[in-house]
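J.: Coordinates only, no sequence provided:
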């Protein structure tokens with residue numbers, strides 16, 4: 001029902017010229033202003049202009065994977081580098097000898113066997129999540145005057161009362177963010193996408209918890225990922241740093257291949 005309601009609102013708003021959208025729904029502007037205020041409070045708490053101008057982060061920790069809601073045995077160490085807007089590097093195992101690169105629209109993996117392109121479904125999954133991140137929604141979507149903002153009332157996320165806001169682009173892409181009513185920190189984000197094989201809708205979601213202040217930025221040290229309401233992965237972050245002077249070699253796939261093959 002929620003998807004139908006959102007689709008009707010979007011259709012009504014997009015069908016009219018910008019100057020007339022407020023006349024289509026007299027409460028639309030008030031609703032959008034409320035949504036923008038919620039997101040503005042979130043950005044302010046996250047660090048304001050310093051967060052908006054953040055260039056990169058490096059984090060490390062370990063994660064557990066789940067199947068049908070049940071944990072698989074063991075955890076995996078990982079190190080992650082992210083440079084805005086589209087460079088990501090993830091290293092796995094204690095020897096850091098399995099490395100994935102996502103640069104632009106391409107994905108590579110490096111192991112002791114050398115480098116090879118990642119399978120399309122893995123790349124698509126990563127890019128889909130990166131393109132629907134809170135960072136992308138705030139830094140890119142909100143700058144577009146055609147992006148619609150919807151305030152959808154109060155919801156619960158992990159026992160936290162939140163304000164729910166959905167951003168919808170002119171391409172009908174959307175992201176829903178639940179912002180803590182007291183701390184104004186993001187507690188959950190989610191988006192839907194159509195399965196290319198079965199043509200039904202899947203829902204990807206992340207929940208953020210255990211916030212700590214790192215270099216002035218509130219940082220969730222626990223991130224849980226869901227697919228269609230089933231837990232699929234949980235991250236436990238042990239170290240984070242921001243705005244590092246990363247060497248150009250960090251994004252060099254061939255350099256990583258030479259190091260790991262030694």
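T.: Great, that's in hand. Source: prediction; values computed, not measured.
J.: Can you identify each of the helices in the protein by residue range?
T.: 2-14, 21-24, 28-46, 49-52, 120-131, 134-139, 253-261 (DSSP state H).
J.: Counting neighbours, which bits of stretch 246-260 end up buried?
T.: 250, 251, 253, 256, 257, 260 (16 or more other CB atoms under 10 Å). From N, CA and C alone the C-beta is placed, and that goes for glycine too.
J.: farthest-separated two in the residues you listed?
T.: Within the buried residues of stretch 246-260, 251 and 260 form the most distant pair, 15.4 Å apart (CB to CB).
J.: And for residue 65, the neighbour number?
T.: 15 (other CB atoms under 10 Å).
J.: That one contacts residue 74, doesn't it?
T.: No. Residue 65 is beyond contact range of residue 74, at 9.1 Å (criterion: CB atoms under 8 Å).
J.: Residue 255 contacts residue 247, doesn't it?
T.: No. Taking contacts as CB under 8 Å, residue 255 lies outside contact range of residue 247: 9.7 Å.
J.: And the buried residues of stretch 246-260, which is closest to residue 33?
T.: Distances from residue 33 to the buried residues of stretch 246-260, taken by CB to CB, are shortest for residue 251, at 40.3 Å.
J.: That closest one and residue 93, how far apart?
T.: Using CB to CB, to the nearest Å, residue 251 is found at 20 Å from residue 93.
J.: For my notes, please list the helices of the chain in CSV and give distance to residue 190 and mean pLDDT for each entry.
T.: Putting the helices of the chain into CSV (distance: least, CB to CB, whole Å; pLDDT from 0 to 100) gives the following:
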stretch, distance to residue 190, mean pLDDT
helix 2-14, 11, 51
helix 21-24, 26, 49
helix 28-46, 15, 97
helix 49-52, 21, 98
helix 120-131, 11, 97
helix 134-139, 11, 98
helix 253-261, 32, 94
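J.: and residue 219, which of those helices is closest to it?
T.: Closest of these to residue 219 is helix 28-46, at 9.3 Å (criterion: CB to CB).
J.: buried sites along that closest one?
T.: 28, 31, 32, 34, 35, 38, 39, 41, 42, 43, 45, 46.
J.: Need the contact partners of that helix.
T.: When contacts are defined by CB atoms under 8 Å, 6 or more residues apart in numbering, helix 28-46 is touched by residues 9, 13, 21-22, 51-52, 138, 142, 148-151, 163, 165-166, 177, 179, 183-186, 217-218.
J.: Mind doing that once more with 6 Å?
T.: Applying CB atoms under 6 Å, 6 or more residues apart in numbering, the set of residues contacting helix 28-46 from outside is 22, 149, 150, 151, 163, 165, 179, 184, 185, 186.
J.: Among those residues, which ones are in strands?
T.: Those of the contacts of helix 28-46 mapping onto strands are 149, 150, 151, 163, 165, 179, 186, per DSSP state E.
J.: wait, which of these is closest to residue 84?
T.: residue 186 (17.1 Å).
J.: Would you agree residue 240 is in contact with residue 216?
T.: No. Taking CB atoms under 6 Å as the definition, residue 240 is not a contact partner of residue 216, at 11.9 Å.
J.: Which one of these two is surrounded by more residues?
T.: residue 240 (18 against 12).
J.: so what's that one bridging to?
T.: On the basis of DSSP bridges, residue 240 is bridged to residue 59.
J.: And for residue 223?
T.: residue 208, residue 235.
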